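S.K.: I need the structure of the sequence given here:
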Amino acid sequence: MKRVLIAAVLGFNNFVGIYFGILNTVYSVLLTLALFVIFRHLRRIKYSPHEEFHTSPETPPVTILIPVHNEEKVVLRSIRSALAADYPFFEVILINDGSDDGTLQTVIDVFRLQKIDRVYRTFLKTKPVKGFYYNIETPNLLVIDKEKGGKADALNCGINIARSPYFCSVDADSLLEKDALIRVMTPLLESNVPVIASGGVVRVLNGVRLTDGPTIEEIDLPDKPLLMFQIVEYIRGFLFGRVGWDTLRSLLILSGTFSLFHKATVVEAGGFKVGNVSEDMEMVVRLHRHMLEKGKPYRIRFVSDPICWTEAPENITMLGRQRRRWHLGLIQSIHENRQMIFNPRCGWIGMAVIPYYIFFEILGPIIEVLGYVFVIISYAIGLLSTDFLMLFLTLAIFYGVFLSTAGIFLEELTFRRYPKWSHLFKLLLYGVFENFGYRQINSVWRFQALIQFLTGNRSWEHVQNKGLEGNVSEGVAKVSMS
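M.R.: Have a look, this model is predicted:
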C-alpha cells in the first residue's frame, strides 16, 4: 500500500511538471505572436486613415451603453468621459439599474434632465422601465431608469433603445481616452470579413491624475503593492495574452469594461444572459457558437492600443471578490455553451481552444495549488530530488517572472504609457515579486470559484468602487453644464 501511495504521489508530481511545461509553451507562443503583431500594428497605424474615419459618412454610428447601480461617486466622470469621445456619430445611454443611492438624482440635477415619454420596444426581454430622462442641450445623452435586474438586464435594456448598428458597453468606473471609439472601430472598417465584436487594452486608473473633462493630466504609478501587482497583471494579460489569441482567431474574452458589439448579431444570439456573473465573457463565447453553427464568416477582434482606464480594487477583500467572480464567470460561460466542446462544427474553437480553457484555465487552479503542496511535501520527506524541485520551481514560478518582465518590456518598447525610467524599474520589480505570493493567492481565489460553481453558489460578489476622489480635480467633482 505504501509503495502504491508513493507511486501515486510521484506520478502526480510528474504530471504537474508536464502541465506547467505545456502551459508555458502556450504562453511562449502567445508572447512570440504578440511581439510580431504589436510591432506590425504600430507600423500600420502610422498610415491608418483614422482622420478619414472621423469625417467619412461610412463610419457607422455607435451607442455607448453605461449600466450603473449605486455609482454616485463615479457616474458623472463616466458620462463626461463618454460625451467627450472624438467620434463623428454617437449617443450615450446611461441605464440606471434600480440604484437606491443618489446616482439617478445626481445625473438629473447636473445635466438638468426632464422626464420624457418614449416608445420602448422589447426586442430583448428586460425588467420594467420606469422612465426616460433627456435634455435637448445635451442631445446625445439619454438616461433610462429601470427596475433592478443586474448588469446583463441593464445592457439588454440599452440595446432595446439604442438607435445605432453598433453599441459599446462601458463600466461606470471606467475612463475612455478620446480616440477610444475610433480605434476600437478601426478593425471593423478595415476588415473584409464582418467583425461582430471588438475590444481593447484596459489599464489601471489608480494613480492617474485627472483634470476637468475628465482627461488624463499625468500618468503615474500608485504606491500600494496590491495595485502594482494588478498593473503588471493587466499589462501581461492584455499585451501578449489577448493579442496572441486574437492572432490565432481564438479570442474568447473581451473585457466588459470596454467592448464593442454588432447590435443585430447580439440580438439574434439572444442578448446578454441574465444570471451569469460575467455576462460579457459568456456573450463572446455564445457569439462564436452562434456564428459557427450558422456557418457564417465573422471575426472577433482585439485592438492593442491602450484605450480605456478602469478603477482597480485597493484592498484584498474586494480583489478576491473580483477574481472569484471572473473565474466563476469563465466556468459558467463554458458550461452554458458546452455543446461546443469537441464539436467539429465549431472548428478550431470547439476542438482546441475551449478544451484548452477547460484544462488550463478552469481546472488549472486545482492543479497549481495541489502541485505546490504535493511537490513541497514530497521534497521535505525525501521523495523528490533537488534537481526535480528546481525544475518545478523554474516551470511554475521563475518562468512566470520571465513572462511578466517580457510583457513589461513589450509595453516599454511599444506604447510606453508609463513614461518615466522610475516607472519601468518599479514595474519590473513588481513583475518579479508578483510570482511569490500574489500569483498563488490568485490561484486560491480561482480554486474557491470552482468550488462555488460545483456547490451551486453562483451569486454575484459586488466590488465596491472607491471613486478615486483624490485623483480627480475639483472640476470633475463639481461638474456643470457649461
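
S.K.: Would you mind measuring from Val353 to Ile381?
M.R.: For Val353, the distance to Ile381 (C-beta to C-beta, to the nearest Å) stands at 40 Å. Glycine gets a C-beta too; all of them are placed from N, C-alpha and C.

S.K.: Out of these two, name the residue with the larger neighbour count.
M.R.: Set Val353 next to Ile381 and count neighbours by other C-beta atoms under 10 Å: Val353 wins out with 21 against 10.

S.K.: residues in contact with that one?
M.R.: Counting by C-beta atoms under 8 Å, 6 or more residues apart in numbering, Val353 touches Trp245, Leu248, Ser250, Leu252.

S.K.: Run a quick neighbour tally on the closest residue to the first one other than its chain neighbours.
M.R.: Meaning Trp245. Once flanking residues are discounted, Trp245 sits nearest to Leu251: 4.8 Å by C-beta to C-beta, 6 or more residues apart in numbering. With neighbours defined by other C-beta under 10 Å, the count for Leu251 comes to 24.

S.K.: and Leu251, what are its phi and psi?
M.R.: phi -70, psi 120 (degrees, to the nearest 10).

S.K.: Looking at it now. What's its pLDDT?
M.R.: At Leu251, the model reports a pLDDT of 92.

S.K.: and what of Glu411?
M.R.: For Glu411, the model assigns a pLDDT of 81.

S.K.: right, and it touches Ile235 too?
M.R.: Yes - between Glu411 and Ile235 there is a contact under C-beta atoms under 8 Å: 5.2 Å.

S.K.: what about Glu293, how many residues close to it?
M.R.: 13.

S.K.: so what's Lys125 up against?
M.R.: The contact partners of Lys125, by C-beta under 8 Å, 6+ apart, come to Asn156.

S.K.: Tell me the secondary structure of it, please.
M.R.: Three-state call for Lys125 (DSSP: H, G, I helix; E, B strand; the rest coil): coil.

S.K.: following the longest strand along the chain, which helix or strand shows up next?
M.R.: Selection of the longest strand in the chain by residue count, based on DSSP state E, yields strand 299-310. Counting by DSSP states H and E, the next helix or strand C-terminal to strand 299-310 is helix 316-336.

S.K.: Lys93 contacts Asn140, correct?
M.R.: Small correction: residue 93 is Ile, not Lys. No - using C-beta under 8 Å, Ile93 is not in contact with Asn140; the gap is 9.4 Å.

S.K.: what's the residue nearest to Val129 when sequence neighbours are not counted sitting at in phi/psi?
M.R.: Setting aside the residues directly before and after it, Val129 is nearest to Lys146 in space (C-beta to C-beta, 6+ apart), at 4.7 Å. Backbone torsions of Lys146, given as degrees, to the nearest 10, read phi -140, psi 170.

S.K.: What's opposite Lys146 in the beta bridge?
M.R.: Asp97, Val129 (DSSP bridges).

S.K.: State the distance from it to Asp101.
M.R.: Counting by C-beta to C-beta, the gap from Lys146 to Asp101 is 16 Å.

S.K.: Compare those two (neighbour count), which wins?
M.R.: Lys146 (22 against 13).

S.K.: Going by residue numbers, what spans are strands in the stretch 251-400 of the chain?
M.R.: Chain-ordered strands for the stretch 251-400 of the chain, with DSSP state E, counting those that start in this stretch as the definition, fall at 258-262, 299-310.

S.K.: now the last one and strand 258-262, what's the angle there?
M.R.: With axes from the mean of the first three to the mean of the last three C-alpha atoms, to 10 degrees as the basis, strand 299-310 and strand 258-262 are set at 150 degrees to each other.

S.K.: Mind giving me the packing neighbours of strand 299-310?
M.R.: helix 2-45, strand 174-176, helix 180-190, strand 195-204, helix 243-247, strand 258-262, helix 279-294 (3 or more C-beta pairs under 8 Å, 6 or more residues apart in numbering; DSSP states H and E).

S.K.: pLDDT averaged over that strand - what is it?
M.R.: Rounded mean pLDDT across strand 299-310 is 85.

S.K.: List the neighbouring strands of it plus their orientation.
M.R.: strand 174-176 (antiparallel), strand 195-204 (parallel).

S.K.: just to revisit the earlier point, put together a markdown table for the helices and strands packed on strand 299-310, with mean pLDDT and distance to Ile366 on each row.
M.R.: Formatted as a markdown table, those follow (pLDDT from 0 to 100; distance: least, C-beta to C-beta, whole Å):
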| stretch | mean pLDDT | distance to Ile366 |
| --- | --- | --- |
| helix 2-45 | 82 | 11 |
| strand 174-176 | 88 | 32 |
| helix 180-190 | 88 | 35 |
| strand 195-204 | 92 | 28 |
| helix 243-247 | 89 | 23 |
| strand 258-262 | 94 | 29 |
| helix 279-294 | 94 | 20 |
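
S.K.: That concludes my questions; thank you for your assistance.
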